[in-house]
Each structure stands twice: as structure tokens, then as C-alpha cells.
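Trainee: below are the sequence and a predicted model; questions follow.
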Amino acid sequence: MKKRVFLLIFAICLGVTAFKIVPFFQGEKAYNENGVVDGNSSSENMKKVEIPEEQIYQGNLLLVNSKHPVHNESIKSDIINLNARDELVKGYRMFNSEIYLSEDIARKFSDMVLDAGEDGVSSFLITSGFRGFDEQTKLYEQMGSNRALPAGHSEHNLSLSLDVGSTQGKMEIAPEGEWIAKNAWKYGFTLRYPEDKTDITGIMNEPWHIRYVGLPHSAIMKEKNFVLEEYLDYLKEEEHISATVNGQEYEVFYYPVTENTTINVPANLRYEVSGNNTDGVIVTVFPDNA
């Protein structure tokens, strides 16, 4: 997909132009004794969806760190060896022939770096993608706790993250690093471990490590300078936000999930449900034409 489709202009007034708490369900959100979200449930434009408890551990917004491990059901199911898929290796090179990644994430990454190429930035290199638990254990043993996380506590075990380098030098100073820092949010990616958030993430600055969260989340995180820990806390506190990105309005909701939880969702709009890997789910409602 070409740049003209993805140019979500970043100035706050043109990028994420509004955050407001509005009653999407025509009334205050409330939970009855069965865990059902009360609201405009009788509307023909709404439908009820049951959220199983395991949904907490599935989706693009999972928080994985030293306190919150990867669950088996969290791992993306479309993991491929990029070396076997030439059509997905466009706009970048690979460090070796054993780079694995979610097919969906690989396609999104390729779209992004092809657009970067139109800006004259074209020396991207994937150095690491998905890692299985055994590979993560070996890495942890080799590098130690200061430079690696134990198996199950690395985002690389999800296949939502990848390490991106440059053939021109370190990402801190390479044009590729600068371009990623400025533009990755437009494509649903976020810099997961920035220098000014080490006290929150517990991880040193890693300008090469990007994580897919999807729109509008990456735009909100960029505008508010949030890392994932802060963003999920923000959603939990607000419960509902409305964000306008490039003129299109998205609705985002947080719901705690118990054993039996039912929520109302729009019957005529696309929506996605992602767990947070701790205690609930985030429902993202997309614009009509998204």
C-alpha cells in the first residue's frame, strides 16, 4: 500500500486531533451481576458478544514484561520463515536466513519500509523476529539478565515485535532509526523501549525494537508519549476514549473480564477485541470506511 494511503500527518491537530470521553452506548456504562455491560442493548445497531476469559491473553495489545508472561494462546498463529517468502521481503534485508515473523506483521512492516524508500531511506535490516521459548532461553543464558529476558517474558515470543537495524550503522544515528522514530506510528508500530521510559519498561533504550499495536493505538501512544504500560493504564482509567486520526474517528473501550462477560458491540461497524494480558480486553471500533 502506497504512501498516499498511509500519510497520516503527525501534527497533533492533524494526527490525533481529539480525545474525548463520550457515551458510545447512549448512557453510562455499567455492569450487572452477570458481567453484562448495560447500555443501549436493545438498539438494532448493537449486538451482544460473549468474551471468554482466554481472550485476555490474545490480541495485538498484550502487555509482556518481567511481570506478565506470554501464554501459549498469545503466540501468533501465522508465523513463517521470511526466507521462504520473497514477496514479503521487500524494502529490507535480513540478518540471516532464519528470521521468523507473523505473516501479517511482516506484510505491514514491508509496506512501511517501502514507503520509507520513497523518502530515500532504504537500508533497513531485520536482525531478529519471532523467537521460540527454547531460543529465548539460549539467548538469556548467553547474554545474561542485563541484556535479555527469560523465556516467556520477551515480546519476541509473541511474534508482534522485531528488531530493525540499518546497514548504514547503529539505529541511534542511522537515517533508518530516525525515520522509524518519526513515522512508525503511522503504520501501527511503536518504539517499545525508548530512552526516557526505562524506569517504566525496565528495559534499556532499544531504538531498534519495534512493536505492532495497530491504529489508532500507535497514534495515541505517539501523541501522548506513552509506552504500552502507560497506555493500558490510561485505557483502564478512562474506560472509553474517542480518537480522531487523519479525520477518522475511532472508539476504544476497556472492559474487565470475568468468567462470564458479555459486551455490546456495533452490529454494523468493524471492531477488534484484544486482551491486555492482565485483567481485561480492549475493544476498538473502526470508522465506516476503515
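Mentor: That came through, no problem. In this text, all values refer to a predicted model and were calculated from it rather than measured experimentally.
Trainee: please enumerate the strands of the stretch 151-290 of the chain.
Mentor: 161-166, 189-193, 206-212, 240-245, 248-256, 261-266, 271-275, 280-285 (DSSP state E, counting those that start in this stretch).
Trainee: any chance of these in TSV, plus mean neighbour count, mean pLDDT and distance to residue 71?
Mentor: The way it works is simple: take the backbone N, C-alpha and C, and place the C-beta from them, glycine included. Converted to TSV, these look like this (neighbours: other C-beta atoms under 10 Å; pLDDT from 0 to 100; distance: least, C-beta to C-beta, whole Å):
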stretch	mean neighbour count	mean pLDDT	distance to residue 71
strand 161-166	24	97	16
strand 189-193	23	98	19
strand 206-212	23	97	17
strand 240-245	20	96	26
strand 248-256	20	96	18
strand 261-266	20	92	18
strand 271-275	18	97	9
strand 280-285	22	98	14
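Trainee: mind putting those strands in JSON lines, distance to residue 66 included?
Mentor: Putting the strands of the stretch 151-290 of the chain into JSON lines (distance: least, C-beta to C-beta, whole Å) gives the following:
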{"stretch": "strand 161-166", "distance to residue 66": "15"}
{"stretch": "strand 189-193", "distance to residue 66": "13"}
{"stretch": "strand 206-212", "distance to residue 66": "15"}
{"stretch": "strand 240-245", "distance to residue 66": "28"}
{"stretch": "strand 248-256", "distance to residue 66": "23"}
{"stretch": "strand 261-266", "distance to residue 66": "28"}
{"stretch": "strand 271-275", "distance to residue 66": "19"}
{"stretch": "strand 280-285", "distance to residue 66": "20"}
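Trainee: this structure: helices as residue ranges?
Mentor: Ranges of helices in the chain, per DSSP state H, are 3-6, 103-118, 133-143, 175-183, 198-201, 217-224, 228-238.
Trainee: how far does the fourth one sit from its chain's centre?
Mentor: Okay, so that is helix 175-183. Chain-centre distance of helix 175-183: 18 Å, with C-alpha atoms, centre = their mean, to the nearest Å.
Trainee: run through who's touching that helix.
Mentor: With contacts defined as C-beta atoms under 8 Å, 6 or more residues apart in numbering, helix 175-183 is touched by 10, 112, 115-116, 119-121, 123-124, 164-166, 168, 170-171, 189, 191, 207-208, 210.
Trainee: redo that, cut-off 10 Å
Mentor: Residues external to helix 175-183 that are found in contact with it (C-beta atoms under 10 Å, 6 or more residues apart in numbering): 6-8, 10, 92, 112-113, 115-117, 119-125, 164-172, 174, 187, 189, 191, 194, 207-208, 210, 222.
Trainee: for the record, mean pLDDT for it?
Mentor: Helix 175-183 carries an average pLDDT of 97.
Trainee: please point out which parts of that helix sit buried.
Mentor: Burial within helix 175-183, assessed by neighbour count using 16 or more other C-beta atoms under 10 Å, is assigned to 175-177, 179-181, 183.
Trainee: that older thread, residue 76: which of the strands of the stretch 151-290 of the chain is closest?
Mentor: Nearest to residue 76 among the strands of the stretch 151-290 of the chain is strand 206-212; the distance by C-beta to C-beta comes to 9.8 Å.
Trainee: quick one, that closest one and strand 161-166 angle?
Mentor: Per axes from the mean of the first three to the mean of the last three C-alpha atoms, to 10 degrees, the angle that strand 206-212 makes with strand 161-166 is 140 degrees.
Trainee: low pLDDT regions in the stretch 1-150 of the chain?
Mentor: The model of the stretch 1-150 of the chain has pLDDT under 70 over residues 1-44.
Trainee: let's see that with 90 instead.
Mentor: In the predicted model of the stretch 1-150 of the chain, residues 1-46, 139-140, 142-149 satisfy pLDDT under 90.
Trainee: coming back round to it: can you tell me which of the contacts of helix 175-183 are buried?
Mentor: 6, 8, 10, 92, 112-113, 115-117, 121-125, 164-166, 168, 171, 174, 187, 189, 191, 194, 207-208, 210, 222.
Trainee: so for residue 161, what's the nearest residue that isn't a sequence neighbour?
Mentor: In space, and not counting its chain neighbours, residue 161 is closest to residue 155: 3.9 Å by C-beta to C-beta, 6 or more residues apart in numbering.
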